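Test case, fold it:
(one chain, ligands or ions: 1)
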Amino acid sequence: MHELVIEQVASRAAADQWHAICAAAAAADYVDLPTGPVVEVYERIENSRTDKQQELWLGSSDGGPVAAASLTLPMLDNTVNATVELLVHPSFRRHHYGTAMLDHLIERARAYDRIRLIGEAGEPISDQPVEQPGGPAFAAAVGARPVTIEVRRILRLAKLEPEHLARLHAGAIAKSGGYSLLQWQGPAADELVVDLAHLLSRMSTDAPLEDLDWEPEAWSAARYREHESAIAASGRTRLVTVARHDESGRIVAFTDIAIAAGSPTFAYQWTTIVLAEHRGHRLGMLVKLANLAFLQRSHPEVEFMNTWNAAVNSHMVGINEALGFRPIDRWREWQLELSDRQVIG
Ligand SMILES: CC(C)(COP(=O)(O)OP(=O)(O)OC[C@H]1O[C@@H](n2cnc3c(N)ncnc32)[C@H](O)[C@@H]1OP(=O)(O)O)[C@@H](O)C(=O)NCCC(=O)NCCS
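From the prediction side, this is the model:
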């Protein structure tokens, strides 16, 4: 291997190079998963947050960029964990650049007293001998272990049948008396933010974590606002639908869809949660259907929507399958205990 020279991404020019590696890797490794626009990378290096610190690293060899990585350090909870992204340009794989960048991330994580790294990688769903992207083989080779199994599904909006959606809607309405829907694009109204923060905290405990070592996240109203600001600064449009329990006035169900700047045909179904004490009223289906209708009305140019769910999350998967989402590939989180890995040099 030629030497990998590693520099922190601190300028827009370096961010452009970092982004180009991510785009080349995504195009080679995955179907229908375009990399977000470079403004999302600018946001990550230019805006600071209280809930996490981020470092982006660029690796070059013989003067040309070959590897891109990030280290994200949760600062309010999970302060022994660090999450990582690690990508090597498809033309430069199997030269141990990935290993060299990983060793650098480990050194940085140790400097912040982190004890483990967590990263995710996609792989084909089928057991047929199709070409495997390097992520899982690399992760296993460096001593990480898989701790979750998620499936990415895609909804092709042109295939949606209005009668089918109307039937799902009628079924959800029949069971959800006593709840009202609210929806918006952009920042939430002030009076909702405490409830929204609570819902995001519950997301970190209620979605299946399987063997992932991740402690409950502490979301405050201020953290929620910071999250919203970061989404806006990265150029994303975000549509939110929530259900309010009429009797208590509390927001008890939440879902959001994001659209990246400059990729108007692609959307992401992000978080969906219903508070445990309000499950069984089809609120998950109701808020998702309403947000989908909001998307179709406000952004008719969107053609696809991606979403990820834990394979064991049968309720959420059931809703998505009923809506028409279909599996594309499988994603796992890999966890590397730093005590298990010696870095030489
Ligand atoms: C994962 C990735 C970063 C590896 O980068 P790389 O520079 O090719 O990795 P290395 O050359 O350092 O590989 C180290 C070892 O991992 C294993 N490995 C890596 N890629 C492999 C592959 N495609 N098939 C089998 N084993 C592989 C091998 O044991 C390899 O050692 P060897 O080449 O001496 O046999 C790269 O494939 C990539 O960008 N993949 C897409 C993004 C991704 O999944 N990232 C992982 C996030 S956790």
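
Residue 208 is in contact with residue 312, correct?
Yes - the criterion here is Cβ atoms under 8 Å, and residue 312 meets it with residue 208 at 5.1 Å. Quick note: C-beta positions are derived from backbone N, CA and C, even for glycine.

more crowded one of these two?
For residue 312 versus residue 208, the count of surrounding residues by other Cβ atoms under 10 Å is larger for residue 208: 15 against 12.

What separation is there between residue 313 and residue 78?
Remark: distance between residue 313 and residue 78 (Cβ to Cβ, to the nearest Å) = 21 Å.

Pick out whichever of these two has more residues nearby.
Relative neighbour count places residue 78 above the other of residue 313 and residue 78, with 22 against 16, counting by other Cβ under 10 Å.

list the contacts for that one?
Residues near residue 78 by Cβ atoms under 8 Å, 6 or more residues apart in numbering: 214-215, 217.

from those residues, which would you call buried?
The neighbour-count criterion (16 or more other Cβ atoms under 10 Å) marks 214, 217 among the contacts of residue 78 as buried.

need the contacts of residue 78 in JSON lines with distance to residue 47, secondary structure and pLDDT, can you?
Output for those, formatted as JSON lines (distance: Cβ to Cβ, whole Å; DSSP: H, G, I helix; E, B strand; the rest coil; pLDDT from 0 to 100):
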{"residue": "214", "distance to residue 47": "24", "secondary structure": "coil", "pLDDT": "96"}
{"residue": "215", "distance to residue 47": "25", "secondary structure": "coil", "pLDDT": "95"}
{"residue": "217", "distance to residue 47": "19", "secondary structure": "coil", "pLDDT": "95"}
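
Which of the contacts of residue 78 sits closest to the ligand?
residue 214 (15.9 Å; Cβ to the nearest ligand atom).

which stretches of the stretch 101-250 of the chain have low pLDDT?
The model of the stretch 101-250 of the chain has pLDDT under 70 over residues 127-131.

hmm, 90 instead?
For the stretch 101-250 of the chain, the stretches with pLDDT under 90 are 124-133, 204-207.

Would you tell me which residues of the stretch 1-150 of the chain are close to the ligand?
The stretch 1-150 of the chain has residues 25, 29, 86-88, 93-99, 119, 121, 133-135, 137-139, 141 near the ligand, with proximity defined as Cβ under 6 Å from any ligand atom.

ok, then the element right after the helix or strand where residue 138 lies?
Assessed by DSSP states H and E, residue 138 sits inside helix 134-141. The first helix or strand that comes after helix 134-141 along the chain, using DSSP H and E, is strand 145-146.

what's in contact with that following strand?
Here strand 145-146 has contacts from 136, 139, 211, 332-336, using Cβ under 8 Å, 6+ apart.

run the last query once more with 10 Å
By Cβ atoms under 10 Å, 6 or more residues apart in numbering, the list of residues contacting strand 145-146 from outside reads 120-121, 123, 136, 139-140, 210-212, 332-337, 340.

Whichever of these end up buried, select them in PyMOL.
To isolate the buried members of those in PyMOL, using 16+ other Cβ under 10 Å:
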select buried, resi 120+121+123+136+139+212+332+333+334+335+336
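
For the residue of the stretch 201-345 of the chain found nearest the ligand, give its distance to residue 116.
The nearest approach of the stretch 201-345 of the chain to the ligand comes at residue 334, 5.3 Å away (Cβ to the nearest ligand atom). Distance, residue 334 to residue 116, by Cβ to Cβ: 10 Å.

Let's see which of the contacts of strand 145-146 end up in helices.
Among those, the ones falling in helices (DSSP state H) are 136, 139-140.

Nearest to the ligand among these?
Nearest to the ligand among these is residue 139, at 5.0 Å by Cβ to the nearest ligand atom.

on that earlier part again, distance check, the residue of the stretch 201-345 of the chain closest to the ligand against residue 147.
In this view, residue 334 and residue 147 are 7 Å apart by Cβ to Cβ.

Mutual contacts of these two, please.
In contact with both residue 334 and residue 147: 118, 212, using Cβ under 10 Å, 6+ apart.

Please state the backbone phi and psi of the residue most central in space within the chain?
Taking Cα atoms, centre = their mean as the criterion, residue 270 is the residue nearest the geometric centre of the chain, at 7.2 Å. Main-chain torsions, residue 270, degrees, to the nearest 10: phi -90, psi -110.

which ones are touching it?
So residue 270 contacts 203, 231, 238-240, 254-258, 306-308 (Cβ under 10 Å, 6+ apart).

now, among these, which is nearest to residue 189?
Minimum distance to residue 189 across the contacts of residue 270 is 10.7 Å, recorded for residue 240 (Cβ to Cβ).

Which elements pack onto the one helix or strand that closest one maps to?
Per DSSP H and E: residue 240 is located in strand 237-245. Applying 3 or more Cβ pairs under 10 Å, 6 or more residues apart in numbering; DSSP states H and E, one finds that strand 237-245 contacts strand 179-185, helix 193-206, helix 221-233, strand 251-259, strand 266-274, helix 283-298.

Quick check: buried residues in the fifth one?
I take that to be strand 266-274. Residues of strand 266-274 classed as buried by neighbour count (16+ other Cβ under 10 Å): 266-270, 272-274.

picking that back up, may I see the PyMOL selection of the buried members of the residues of the stretch 1-150 of the chain next to the ligand?
The following PyMOL line selects those of those that are buried, judged by 16+ other Cβ under 10 Å:
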select buried, resi 25+29+86+87+88+93+97+98+99+119+121+133+134+135+138+139
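
Nothing else from me, thank you.
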